[in-house]
Structures are given as C-alpha cells and as structure tokens.
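S.K.: predicted model follows, preceded by the sequence.
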Amino acid sequence: MSFLDKIGKTITNTSKDVAKKTKDLTDTAKLNSQINAEQKIIDEIKNKIGHIYYEQYKDTPLDNLIPLCNEIDESYRKIESYHSQIIQIKGVVICPNCGTELLEESLFCSKCGTKIEKSVIEEESEEEILEILKCPNCNADITEDMAFCTECGNKLK
C-alpha cells in the first residue's frame, strides 16, 4: 500500500497546487478588473476636467495647450461641416430656435412655429444649380456627366 499511498499523496498535492493556482489566477483577474474599473473612472474624470478647461480657457489657453485646443477647434469645424453635409443630403433645414429637422420648403417650424428664413446665398446657389443642370440650347434637364443633351443633341461642356 505504500506505493498507492505515494500516488494518492502526489495526486492530492498536485490537485491542491492546481486549485491554489486557479484561485490565484481568479483573484488576480478580479483585481485586474477592479484596477481597470478604477482607471476608467480616472480617465472619465480627466476627460471632464479637459472639457471644463477647454470651455473656460479655449480663447486664452496655456502656451503648451494651444496646439491641442487648436486641434479640438479644427475637429469641431469638421463636425459642423459633416452635419451640414448630412442636412444637405437629407434635403432638410434645421429650425434655428428648437433644432427640429424640417422639409426644405418649410416656411415655419412645425414644432415651435418659428419663421424659417432662407439665406440669400442658399437661394442663389439653388438657382445656379438649376441653370447648370439645364441644357443651354433647349432647357431640358441634364446631368453633369452628360456630353450631349438627350432632347436636342446639343453638345454640352
């Protein structure tokens, strides 16, 4: 029986070692998860501090933060441009009072009743687009990629 006892002890000791290592790994993973959660809290607070600083001092930032504030400003400009492009693609206008998306031809906001003013630039550019998309010979609708008018055969630019 001494041989079987040795095998039994070896199996028991190995099982205890495996169980301890498994527990250690589990505890380590749990602690790493808690560290990550705290790091996320720290990062969110730093992010909030950055937002507060930027909003308060964007016009007079510290010298070493000027390039970063300029990058933020440029990103805001790009975002505004992207929003404008989305609005154009959708063919809507935004109410200047409440921000509701309205049909392009709306004269008043359907949500707050504000009069929707069309800018002179928008009206002129719409007229220019209409002229560009008409055949100069017969005034038929054309597209920019057409070489010849499909109505009169006129050679286009």
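M.R.: Received, thanks.
S.K.: residue ranges in this protein under the pLDDT threshold?
M.R.: 1, 119-133 (pLDDT under 70).
S.K.: roughly how far does the spatially most central residue of it sit from residue 67?
M.R.: Closest to where the C-alpha atoms of the chain average out (C-alpha atoms, centre = their mean) is residue 79, at 7.8 Å. Using C-beta to C-beta, to the nearest Å, residue 79 is found at 19 Å from residue 67. C-beta coordinates here come from the backbone N, C-alpha and C atoms, glycine included.
S.K.: can you check residue 44 too?
M.R.: Counting by C-beta to C-beta, the gap from residue 44 to residue 67 is 24 Å.
S.K.: can I see the domain layout of the protein?
M.R.: The chain breaks down by automatic domain parsing into domains covering 1-57, 62-117, 118-157.
S.K.: first-to-last residue distance for the shortest one?
M.R.: Between the opening and closing residues of domain 118-157 we find a distance of 31 Å, counting by C-alpha to C-alpha, to the nearest Å.
S.K.: now swap in the second one and tell me
M.R.: Across its full length, domain 62-117 reaches 40 Å between end residues, using C-alpha to C-alpha.
S.K.: work out the gap between the lengthiest helix in the chain and the centre of the chain.
M.R.: Taking DSSP state H as the criterion, the chain has its longest helix at helix 2-57. Remark: helix 2-57 is offset 34 Å from the chain centroid, using C-alpha atoms, centre = their mean, to the nearest Å.
S.K.: what of stretch 137-157?
M.R.: Worked out by C-alpha atoms, centre = their mean, stretch 137-157 lies 40 Å from the chain centre.
S.K.: what comes up buried for that stretch?
M.R.: Along stretch 137-157, the positions that meet the burial threshold by neighbour count (16 or more other C-beta atoms under 10 Å) are 142, 149.
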